[in-house]
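>>> would you be able to build a 3D model of this:
(one chain, ligands or ions: 2)
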Amino acid sequence: MTTWILVLRGLSLDVPKGSIVALLGANGAGKSTTLKAISGLLKTEDGEVTRGEILFDGERIDGIDPEKIVRRGIFQVMEGRRIIADMTSLENLRLGAFTRSDNGVAVDIDMVFRLLPAAERTHGPGRLSLRR
Ligand SMILES: Nc1ncnc2c1ncn2[C@@H]1O[C@H](COP(=O)(O)OP(=O)(O)OP(=O)(O)O)[C@@H](O)[C@H]1O
Ligand SMILES: [Mg+2]
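Ligands and ions are numbered 1, 2, ... in the order given. Predicted coordinates for the structure are as follows:
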């Protein structure tokens with residue numbers, strides 16, 4: 001028998017273009033679930049949006065596959081230093097840019113290494129923080 005849990009109800013959230021919006025709430029309030037719903041990741045936990053709609057640039061994105069949502073420009077930045085530790089800093093940066101089709105990735109990666117000159121490009125585990 002399947003047990004359904006209602007995690008969120010009546011959430012209305014608007015993120016105007018160019019603005020920063022903070023979502024605050026107690027532990028277990030549903031912040032992560034909200035972000036998973038926006039990114040299309042609820043299905044990885046057998047969850048779903050059962051009512052309402054999620055719009056991005058005026059188009060509905062609920063029900064769209066996560067990889068397509070990422071390509072539209074919605075992505076989540078990991079908290080803390082959660083990059084892929086077995087990969088180098090350069091490999092992590094290239095992975096983060098995998099949806100980009102423009103020619104500016106190399107320039108942007110150079111900028112990151114200028115900002116963080118102590119980061120190793122090709123050796124050792126990915127580290128993008130400055131060594132002290
Ligand atoms: N996969 C799941 N199965 C069952 N219940 C879940 C699942 N994911 C989340 N929940 C429940 O949904 C509620 C909201 O969880 P959620 O992780 O979104 O909260 P949160 O606001 O991000 O909390 P925190 O501040 O601890 O990160 C909690 O009661 C949690 O137990
Ligand atoms: Mg959370």
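>>> counting contacts, what elements does the worst-scoring helix or strand of the chain on mean pLDDT pack onto?
In the chain, the helix or strand scored least confidently by mean pLDDT, DSSP states H and E is helix 89-96, which has a mean of 87. Contacts defined by 3 or more C-beta pairs under 8 Å, 6 or more residues apart in numbering; DSSP states H and E place helix 89-96 against helix 105-115. For every residue, glycine as well, the C-beta is placed using N, CA and C.
>>> what does the protein have sitting close to ligand 1?
Within the chain, the positions near ligand 1 by C-beta under 6 Å from any ligand atom are 5, 7, 25, 27, 28, 29, 30, 31, 32, 33, 45.
>>> what's the neighbour count on the last one?
As a burial measure, residue 45 scores 9 neighbours (other C-beta atoms under 10 Å).
>>> any idea of the pLDDT on the residue nearest to it when sequence neighbours are not counted?
Of all residues not flanking residue 45 in the chain, residue 36 sits nearest, at 7.5 Å (C-beta to C-beta, 6 or more residues apart in numbering). Residue 36 carries a pLDDT score of 95 in this model.
>>> distance-wise, check residue 36 relative to ligand 2.
Using C-beta to the ion, to the nearest Å, residue 36 is found at 9 Å from ligand 2.
>>> ok, so what distance separates the most centrally placed residue in the chain from residue 84?
Centroid-nearest residue in the chain: residue 76, 1.4 Å away (criterion: C-alpha atoms, centre = their mean). Distance, residue 76 to residue 84, using C-beta to C-beta, to the nearest Å: 15 Å.
>>> got it, and residue 23?
With C-beta to C-beta as the criterion, residue 23 and residue 84 are 26 Å apart.
>>> same deal with residue 17?
When residue 17 is compared with residue 84 (using C-beta to C-beta), they lie 31 Å apart.
>>> higher neighbour count, those two?
residue 84 (13 against 5).
>>> what about the residue in the chain that ligand 2 sits nearest to, how many neighbours?
When scored by C-beta to the ion, the chain has residue 32 as its residue closest to ligand 2, at 3.2 Å. Residue 32: 14 surrounding residues under other C-beta under 10 Å.
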